[in-house]
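Chemist: Give me a model of this one.
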Amino acid sequence: MTSRVFLDANVLFSAAYRERAGLLELWNLPRVALITSGYAAEEAKRNLESEDARRRLGQLLAVVEIVPEAPRITVPEGVRLAEKDRPILSAAIAAGATHLLTGDVSDFGSYFGRRFAGVLIEAPAAFLRSGARKKP
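Modeler: You can find the predicted model right below:
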């Protein structure tokens, strides 16, 4: 079974920022479909300053499924997120993601390791270390 892994903007940013970023391992995992939203992709692009990093982001996004925004999906009860982060979780839920990978500890950190509407929120390092990518 394939895991559907939603990448937050900061994961995309970090993967594109350095030529040999460790997060690039995500793009080589078997049975993992990487997804993100236009909102997240645009945020990552906006924050990258160098043309090389923007080019790398474009190459990475070429093999990532860009899912539509989900304005009708509400964030599950009990989840308190900044307005800028609500579209990320909503898009992951609407896309049927099994995981949401984010490095945003300040906004998502208290939800790491928890599942909402079928989406497990994790730091990328935890996902890469665990066997979760093999068993959604």
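Chemist: how near is Val105 to Ala95?
Modeler: Taking CB to CB, to the nearest Å as the measure, Val105 falls 23 Å from Ala95. In short, each C-beta sits where N, CA and C put it, glycine included.
Chemist: Which one's more surrounded, the two?
Modeler: Ala95 (21 against 11; other CB atoms under 10 Å).
Chemist: That one touches Arg4, doesn't it?
Modeler: Yes - counting by CB atoms under 8 Å, Ala95 touches Arg4, with 6.8 Å between them.
Chemist: where does the spatially closest residue to Tyr17 that is not a sequence neighbour land on pLDDT?
Modeler: Distances taken as CB to CB, 6 or more residues apart in numbering put Ala53 closest to Tyr17, at 5.4 Å, once the chain neighbours are dropped. With respect to pLDDT, Ala53 has a value of 97.
Chemist: Please tell me how far Ala53 sits from Gly113.
Modeler: 30 Å.
Chemist: more crowded one of the two?
Modeler: The neighbour comparison of Ala53 against Gly113 (other CB under 10 Å) goes to Ala53, with 20 against 10.
Chemist: ranges for the strands of this protein?
Modeler: 3-7, 32-37, 65-67, 99-101, 115-116, 119-122 (DSSP state E).
Chemist: Throw those strands into TSV and include mean pLDDT and distance to Arg18, thanks.
Modeler: TSV is the format used below for those (pLDDT from 0 to 100; distance: least, CB to CB, whole Å):
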stretch	mean pLDDT	distance to Arg18
strand 3-7	97	16
strand 32-37	97	18
strand 65-67	97	23
strand 99-101	97	17
strand 115-116	93	31
strand 119-122	96	21
